[in-house]
Structures are given as structure tokens and as C-alpha cells.
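A.B. asks: A predicted structure for the sequence below; I have some questions about it.
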Amino acid sequence: MSGLKLLSTKGGVAEVAPRLAEAEAGVQALVESAMEVMLGVRFVATEYSTGPVHGGRIDSLGLDENGAPVIIEYKRATDPGVLSQGLFYMAWLMDHRTEFQALVRERLGATAASQVLWSAPRLICVAGDFTRYDLHAVREHRRSIDLVRYRLYGDHHIALETVASLAGQAKATLRSRRSRPGAAAPARRAAGAMAELSTAVDQVLRGLGEDVSKVERKQYDAYQRLRNFACVTRRQDKLLAYLKASPASVELVPGFTRDVSGLGHHGTGDLEVQLRSERDVERAIDLFRLSYAVA
């Protein structure tokens, strides 16, 4: 995996050889047991039957950090059918939204069910490896797809590597704005300044890597790799960015960074960064990179 070696330093230095699982079910059980930690996805169901007419069984169903429905398919090694199989189930999911929301309501509660984000459904394929045709197909498809390669090390370690990731092409929504007679010029200038600041933050976060995708929710914009690493929400005079970087790992600066562990806010992340100008964005770049690396 990317030429990275894992070495054990217990009783000398020795390389820990990577291996594949003995069976597909072993990978599935391991991921499902800690799905939120590994993939940032809340577990909803396993081996979910799509009914006698459709005739399928989805390996795992989940809900990601932004409320998007997630289908996860597993393969022990390389299987050229994993992507087409996942997309087959994705088509079923989009035709059975009510059934999925009822399932989410049963497993995760009414609040989660009411906030399902149907504009950004995701497919995650976890396998020993992928073909070049899989990589090409991901780039050509309009759905949000992540191809994740796994390796087992020893008896207690698993490595996950995202080898391809693409955000779905959601339909753009046209928002009409009605100007109010007599609206104050300062208010218009302030709105324009915030729009420019939002654009600057968006460019920086998207520029951190080719695997960055953006999910727009009503309350915030989420930037994610396999998991969210930044959630940005707008206030009248500033932007608030919530990062996955640990507050304990950085020096907190009053008026700029804050530990919001345990405090309610839109999006995910325990480190709040307050952005009022492009200078603040420049100050925050290292924090953005740190959070990107964590995700």
C-alpha cells in the first residue's frame, strides 16, 4: 500500500507483513464493528435484503456525518464486479427512500431520519485492491464513490487507503434574491465581503488534495475525504470552521481558535476556528492541513 512499511520495534525491529482477510465476511465484520471510527459512517443495517423482485442483499447500510445515506460493499481481494454491484444497489436505494428512512428511524431515531440528505448518497467499496477499469469508472460516474483498499497487519491492525474518491454531481439549485427597497449599502458591502471570504476558504480547503469533496447542507458546508475534516458555517460577521484536528494538539488563541468539545454546533469537529478576514484564512492554513491529515 503506497510503499509504506509497518515495522515492529518490540524485541528488535522486524517488518510486519500485510495480508488479506481469509474471507470477505471477516473484512465486513471488522468494519461494521467500528464503522464510525473507520469510515465516519453510523451503522444502520447489515446484509439488508432488497426484496424478491430486486433479488439482492446489501452488505452494509449506513448514514454518514452529514446525513447522507451510504452503501458499503466488501470484497476480500480484487473483484471487477464490486463497483457495478454497488451501483446496482444504489439505484435500488434511490427508488426506496421511504423504506430507508423508516429503517433509519427504527435504528437511529426520528431526528436522524428527518435529516437524511438525499442529494448526496454515497457508495463505499472496501476491497483488497481495484482494477484500472474501476478507477476510470469512478471518474466517469455521477455518484459519490470511494474506493478503499484494506490490508491486515498481524492480529490487531488494519490499514485503510482511499485509492479513488469522487463527489457526486448534485443538481444546482437556483436561489432567487429579492432586493429590498432602501437596503443599506453597508449591509450589501458586508454581504459581499463575506461571500469573498467564503470563496477564499473554499479554495483553500478544496486545494488540500484531489480527494476533497464538498457537501452542502442548509446549516453548513462539509469538506471531506473519506470522513469530514472541516465544516464551515456562516455568521453575519465571520465564518466558523470546525475541524477534526484535536484542540489539545494546538495552541489555542482567544478570538481565533476554541475548544468546543462537548458543545453543540452545526457540523462535526472539536476545534473551532473563527475567520473574519483573508489574513485569518492564512493563519488557519496549517490547522486545515492538520485536520485534512487526520481525516
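C.D. replies: Done, it's in.
A.B. asks: Quick check: which ranges of the stretch 51-200 of the chain have low pLDDT?
C.D. replies: Applying pLDDT under 70 to the stretch 51-200 of the chain picks out residues 168-191.
A.B. asks: Would you map the strands across it?
C.D. replies: When assigned using DSSP state E, counting those that start in this stretch, the strands of the stretch 51-200 of the chain occupy the ranges 57-64, 69-78, 122-129, 144-153, 157-166.
A.B. asks: Distance to Glu251 added to the ones you listed, as CSV?
C.D. replies: Bear in mind the C-beta positions are built from the backbone N, C-alpha and C, glycine included. Putting those into CSV (distance: least, CB to CB, whole Å) gives the following:
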stretch, distance to Glu251
strand 57-64, 31
strand 69-78, 36
strand 122-129, 35
strand 144-153, 33
strand 157-166, 30
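A.B. asks: Out of the ones you listed, which gets nearest to Val16?
C.D. replies: Nearest to Val16, of all the strands of the stretch 51-200 of the chain, is strand 144-153, at 4.8 Å by CB to CB.
A.B. asks: What separation is there between the nearest residue to Val104 once chain neighbours are set aside and Asp129?
C.D. replies: Once flanking residues are discounted, Val104 sits nearest to Ala113: 4.4 Å by CB to CB, 6 or more residues apart in numbering. Ala113 sits at a distance of 36 Å from Asp129 (criterion: CB to CB, to the nearest Å).
A.B. asks: Leu6 too?
C.D. replies: In terms of CB to CB, Leu6 sits 18 Å off from Asp129.
A.B. asks: Same question for Gln224.
C.D. replies: For Gln224 relative to Asp129 (CB to CB), the value is 23 Å.
A.B. asks: possible to save the strands of the stretch 51-200 of the chain as CSV with mean neighbour count?
C.D. replies: CSV is the format used below for the strands of the stretch 51-200 of the chain (neighbours: other CB atoms under 10 Å):
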stretch, mean neighbour count
strand 57-64, 22
strand 69-78, 21
strand 122-129, 24
strand 144-153, 21
strand 157-166, 16
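A.B. asks: Among these, single out whichever gets nearest to His266.
C.D. replies: Closest to His266 of these is strand 57-64 (CB to CB; 15.3 Å).
A.B. asks: Each with direction, which strands does that closest one pair with?
C.D. replies: strand 41-49 (antiparallel), strand 69-78 (antiparallel) (DSSP bridges).
A.B. asks: mind checking which of those strands is nearest Phe288?
C.D. replies: Between these, strand 41-49 lies closest to Phe288; by CB to CB that is 22.9 Å.
A.B. asks: Between strand 122-129 and the closest one, find me the angle.
C.D. replies: 80 degrees (axes from the mean of the first three to the mean of the last three CA atoms, to 10 degrees).
A.B. asks: now strand 41-49: mean pLDDT?
C.D. replies: Taken as a whole, strand 41-49 carries a mean pLDDT of 97.
A.B. asks: buried sites along that strand?
C.D. replies: By 16 or more other CB atoms under 10 Å, the buried positions in strand 41-49 come out as 41-46, 48.
A.B. asks: got it, and stretch 248-262?
C.D. replies: Within stretch 248-262, judged by 16+ other CB under 10 Å, the buried ones are 250, 257-258.
A.B. asks: secondary structure element for Arg283?
C.D. replies: Per DSSP states H and E: Arg283 is located in helix 278-294.
A.B. asks: picking that back up, would TSV of the buried residues of stretch 248-262 with distance to Gly11 and pLDDT be doable?
C.D. replies: Below are these laid out as TSV (distance: CB to CB, whole Å; pLDDT from 0 to 100):
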residue	distance to Gly11	pLDDT
Val250	36	93
Thr257	42	97
Arg258	44	96
